[in-house]
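J.: structure for this input, please:
(one chain, ligands or ions: 2)
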Amino acid sequence: METKVNVLDSNNLDENILKEVANVIRNKGLVAFPTETVYGLGANALEPEAVKKIFLAKGRPQDNPLIIHIYDLDQISSLARNIPEISRKFMDKFWPGPMTIILEKTDLVPEVTSAGLSTIGIRMPKSIIARAIIKESGVPIAAPSANISGRPSPTDMERCVEDLKGKVDYIVGGEISEVGLESTIIDCTVTPPCILRPGGITLDMLKEVDKDIYIDQSIMKKPEKDFKPKAPGMKYRHYAPKAPVKIVNGELRKTIVRINEMVEAYRNDGKKVGIMATEETKDQYENALIISVGTRKNMDSIGRNLFETLRTFDDNEVDVILSEAFEEKGFGIAIMNRLKKSAGFNVIDV
Ligand code: TXA
Ligand code: MG
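T.: Numbers count the residues shown, from 1 in each chain. Ligands and ions are numbered 1, 2, ... in the order given. Just a heads-up that it's a prediction; the model follows:
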């Protein structure tokens with residue numbers, strides 16, 4: 001398949017490109033496009049034939065439902081029913097933005113989109129480019145992250161091209177995803193509402209709207225054998241680079257000592273090591289490919305660079321990736337959730 005690639009300028013959107021992209025969506029094609037969380041791989045959410053192509057292009061398991069993207073609140077009434085008051089409060093406060101709400105679906109939403117569930121995830125992204133594409137298409141857009149299933153999600157156009165060129169109709173670039181991690185998912189079909197995936201809208205922020213909201217605890221732990229998470233996607237090995245990831249968790253001084261010891265052991269075995277360090281620690285390692293993922297003074301920088309850093313280790317064909325850990329509070333909860341999943345929950349406490 002021929003994949004067209006084009007870049008949009010969010011300050012000056014090119015109408016011709018927008019029209020071309022919207023046509024692809026309306027004609028049941030696939031378009032990868034930027035959002036503020038990660039890049040999405042979009043299709044008309046209401047066309048089963050179009051949605052099936054998403055699963056094929058990504059190699060995504062059929063039982064993993066998609067999130068529907070809208071640009072206007074008026075679109076919700078045709079997609080969801082029995083919309084609880086509390087979900088309206090979350091929408092008012094955090095949309096457009098990195099938050100997905102799970103609601104009961106209407107019959108208009110095809111089974112493939114919701115993977116057979118009676119509920120559906122809906123998100124109104126903040127990205128100007130994403131919103132313009134949804135608006136111009138005139139239909140709600142189902143979009144998972146624009147990566148091959150299992151790989152770290154793409155946060156820029158080049159990574160989409162790497163994964164999807166030849167498999168989709170169109171790839172649109174124009175911005176680097178500013179959050180860098182996928183949206184916070186809130187199940188609003190239960191009382192109190194429950195966070196199924198932590199993200200840029202943090203638990204503390206959500207508690208200001210509903211003090212009883214909580215994080216589904218199973219998602220921060222290693223999945224049990226017959227673990228059935230409430231967000232089906234959370235059971236798969238995910239966000240994973242090719243090389244195994246090991247997280248060293250503990251006081252920073254001890255972490256540095258342990259990582260340096262591990263580097264020596266791997267080097268004696270002839271292995272090439274990658275270290276995911278931070279601005280504060282990067283100069284304290286040696287004999288490895290050392291990449292700073294961001295500064296501990298600004299957790300947003302770490303979330304933004306996390307997936308791109310994991311992918312850079314793959315580019316350099318390291319045999320193993322050793323990562324520092326981060327405190328599980330605020331945005332750090334989302335960062336550690338993705339990092340632990342990418343490591344298959346391989347955490348070494350020091
Ligand atoms: O930030 C995001 O949400 C990005 C961008 C593109 O918007 N999209 C994204 O989609 O992360 P995806 O498909 O990679 O992740 C969707 C997650 C999966 O874990 C899936 O199981 C869960 O949402 N999900 C979707 N519908 C659900 C539902 N009805 N009930 C529970 N979980 C659901
Ligand atoms: Mg994904």
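
J.: please count neighbours and contacts with C-alpha atoms only from this point.
T.: OK.

J.: quick check: residues of the protein near ligand 1?
T.: Applying CA under 6 Å from any ligand atom, one finds that the chain approaches ligand 1 through 37-40, 64-67, 102, 114, 119-121, 143-145, 182-183, 230-234.

J.: now with 5 Å, please.
T.: Listed as neighbours of ligand 1 in the chain under the rule CA under 5 Å from any ligand atom: 37, 40, 64-66, 119-121, 144-145, 182-183, 231-234.

J.: buried only: go through the residues you listed for me.
T.: Buried members of the residues of the chain next to ligand 1, scored by 16 or more other CA atoms under 10 Å, are 37, 40, 64-66, 119-121, 144-145, 182-183, 231, 233-234.

J.: widest-spaced pair of the residues you listed?
T.: 37 and 119 (22.1 Å; CA to CA).

J.: let's see which of the residues of the chain next to ligand 1 end up in strands.
T.: Judged by DSSP state E, strands contain the following of these: 40, 119, 120, 121.

J.: wouldn't the last one be in contact with residue 64 here?
T.: No. The pair formed by residue 121 and residue 64 falls short of the contact definition of CA atoms under 8 Å, at 11.5 Å.

J.: in the stretch 201-350 of the chain, where is pLDDT below threshold?
T.: 225-227, 235-237 (pLDDT under 70).

J.: how about the helices in it?
T.: Along the stretch 201-350 of the chain, counting by DSSP state H, counting those that start in this stretch, helices occupy 203-207, 252-268, 299-315, 332-342.

J.: same list (those helices) but as a markdown table, adding distance to residue 154 and mean neighbour count.
T.: As requested, these are exported to a markdown table (distance: least, CA to CA, whole Å; neighbours: other CA atoms under 10 Å):
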| stretch | distance to residue 154 | mean neighbour count |
| --- | --- | --- |
| helix 203-207 | 24 | 17 |
| helix 252-268 | 27 | 16 |
| helix 299-315 | 7 | 20 |
| helix 332-342 | 13 | 23 |
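
J.: in CSV, list the ones you listed along with distance to residue 152.
T.: Shown next, in CSV, are the helices of the stretch 201-350 of the chain (distance: least, CA to CA, whole Å):
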stretch, distance to residue 152
helix 203-207, 23
helix 252-268, 23
helix 299-315, 5
helix 332-342, 8
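
J.: can you tell which of these is closest to residue 239?
T.: With CA to CA as the measure, helix 332-342 is the member of the helices of the stretch 201-350 of the chain nearest residue 239 (4.9 Å).

J.: what's that closest one in contact with?
T.: Residues outside helix 332-342 that contact it (CA atoms under 8 Å, 6 or more residues apart in numbering) are 152, 181, 197-200, 219-220, 237-241, 245, 247, 299, 302-303, 306, 325-328, 346-347.

J.: now a ChimeraX select for only the buried ones of the residues you listed.
T.: Those of these that count as buried under 16+ other CA under 10 Å are selected in ChimeraX with:
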select :152,181,197,198,199,200,219,220,238,239,240,241,245,247,299,302,303,306,325,326,346,347
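
J.: in strands, which of the contacts of helix 332-342 fall?
T.: Counting by DSSP E, the contacts of helix 332-342 contribute 197, 245, 247, 347 to strands.

J.: relative to ligand 1, which of those is nearest.
T.: Relative to ligand 1, the closest of the ones in strands among the contacts of helix 332-342 is residue 197; by CA to the nearest ligand atom it sits at 7.3 Å.

J.: doesn't residue 219 make contact with the closest one?
T.: Yes. Contact status for residue 197 versus residue 219: in contact at 7.4 Å, counting by CA under 8 Å.

J.: need the overlap of contacts for these two.
T.: Common neighbours of residue 197 and residue 219 (criterion: CA under 8 Å, 6+ apart): residue 234.

J.: the spatially most central residue of the chain - nearest residue in space that isn't next to it in sequence?
T.: What sits nearest the mean C-alpha location of the chain, by CA atoms, centre = their mean, is residue 182, with 2.7 Å. Leaving aside its chain neighbours, residue 182 sits nearest to residue 37 (5.1 Å; criterion: CA to CA, 6 or more residues apart in numbering).

J.: isn't that neighbour up against residue 181?
T.: Yes. Between residue 37 and residue 181 there is a contact under CA under 8 Å: 5.3 Å.

J.: what is in contact with those two at once?
T.: Residues touching both residue 37 and residue 181 (CA under 8 Å, 6+ apart) are residue 200.

J.: got a list of what residue 216 touches?
T.: 194, 195, 196.

J.: likewise for residue 314?
T.: When contacts are counted by CA under 8 Å, 6+ apart, residue 314 touches 241, 242, 243.

J.: make it 10 Å
T.: Residues in contact with residue 314 (CA atoms under 10 Å, 6 or more residues apart in numbering) are 240, 241, 242, 243, 274, 308, 320, 321.

J.: domains of the chain?
T.: Structural domains annotated on the chain: 4-220, 245-349, as defined by automatic domain parsing.
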